[in-house]
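A.B. asks: Could you look at this predicted model? Sequence included:
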Amino acid sequence: MSKLIVTAFVTLDGVIQAPGGPGEDVDEGFEHGGWQVPYVDNDFMGLMKDVFEQTADHLLLGRKTYDLFAAYWPRITDENNPIAVKLNAMPKYVASRTRSSLDWHNSHLLKGEAAESVAELKERLDGVIMTQGSSDLIRTLQQHDLVDEYRLLVHPVIIGTGKRLFAEGAAPSAWTLTESRVTSVGVQYCVYERAGEPEYGSFLLDDQE
């Protein structure tokens with residue numbers, strides 16, 4: 001059985017929509033595309049290199065993110081770019097209701113409902129399945145309690161609108177912070193591993209009698 005890791009670029013107020021550019025995702029009139037770009041430095045790229053080279057065995061994508069990646073990464077053929085080499089070679093699994101075929105090398109279409117397909121994929125594969133982008137798919141994974149670990153790169157910026165990493169309907173769960181680093185421009189890299197169910201208590205004296 002494999003582990004499913006959600007890797008996400010996120011603002012201080014939890015937005016994950018369109019970090020890479022203005023045209024990446026304009027759903028609901030989103031006007032802040034490209035908010036991540038000023039924070040990408042050598043430290044950041046080193047983190048991402050480590051994440052892809054040392055962590056991911058399989059990539060899980062929603063259809064929109066797949067289309068963006070498939071239009072860009074196959075054009076990066078520099079053997080000295082470790083992220084491009086890894087992405088272009090590794091198995092990629094795509095949850096889509098509209099796609100009937102995939103052109104990017106080593107890409108596989110998941111059939112049926114995404115939650116059921118991903119649960120079956122976790123059972124069938126070994127190693128680590130990692131998501132990137134794919135906000136709609138992440139919401140489905142959260143609702144069906146399929147995430148084993150989060151790797152979050154939290155950027156020091158507040159957007160105010162946009163799709164959030166955690167939306168209403170996510171399955172309640174507890175997490176343990178296992179790693180934390182900060183880049184030179186203040187991006188916080190945090191790794192959270194699943195720690196079971198939430199525990200509850202009370203600070204109210206009446207509830208303790």
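C.D. replies: Looks like it came in fine. Treat the numbers as computed from the prediction; the structure is a model and nothing was measured.
A.B. asks: ends of stretch 6-17, how far apart?
C.D. replies: Terminal residues of stretch 6-17 lie 15 Å apart, using C-alpha to C-alpha, to the nearest Å.
A.B. asks: Give me the distance from the helix or strand of the chain with the lowest mean pLDDT to the chain's centre.
C.D. replies: One helix or strand of the chain scores below all others by mean pLDDT, DSSP states H and E: helix 42-54, with a mean of 89. Relative to its parent chain, helix 42-54 has a centroid offset of 14 Å by C-alpha atoms, centre = their mean, to the nearest Å.
A.B. asks: For the closest residue to Tyr150 other than its chain neighbours, give me its contacts.
C.D. replies: Spatial nearest neighbour of Tyr150, excluding adjacent residues (C-beta to C-beta, 6 or more residues apart in numbering): Tyr192 at 4.4 Å. Yep, even glycine has a C-beta here, placed from its N, CA and C like the rest. Residues near Tyr192 by C-beta atoms under 8 Å, 6 or more residues apart in numbering: Glu149, Tyr150, Arg151, Leu152, Trp175, Thr176, Leu177, Thr178.
A.B. asks: what about 10 Å?
C.D. replies: When contacts are counted by C-beta atoms under 10 Å, 6 or more residues apart in numbering, Tyr192 touches 5-6, 147-152, 173-180.
A.B. asks: Looking at these, which are in strands?
C.D. replies: Ile5, Val6, Glu149, Tyr150, Arg151, Leu152, Trp175, Thr176, Leu177, Thr178, Glu179, Ser180 (DSSP state E).
A.B. asks: Scan the residues you listed and report the most crowded one.
C.D. replies: Of all these, the highest neighbour tally under other C-beta atoms under 10 Å goes to Val6, namely 24 neighbours.
A.B. asks: okay but that one is in contact with Leu137, surely?
C.D. replies: Yes - counting by C-beta atoms under 10 Å, Leu137 is a contact partner of Val6 at 9.5 Å.
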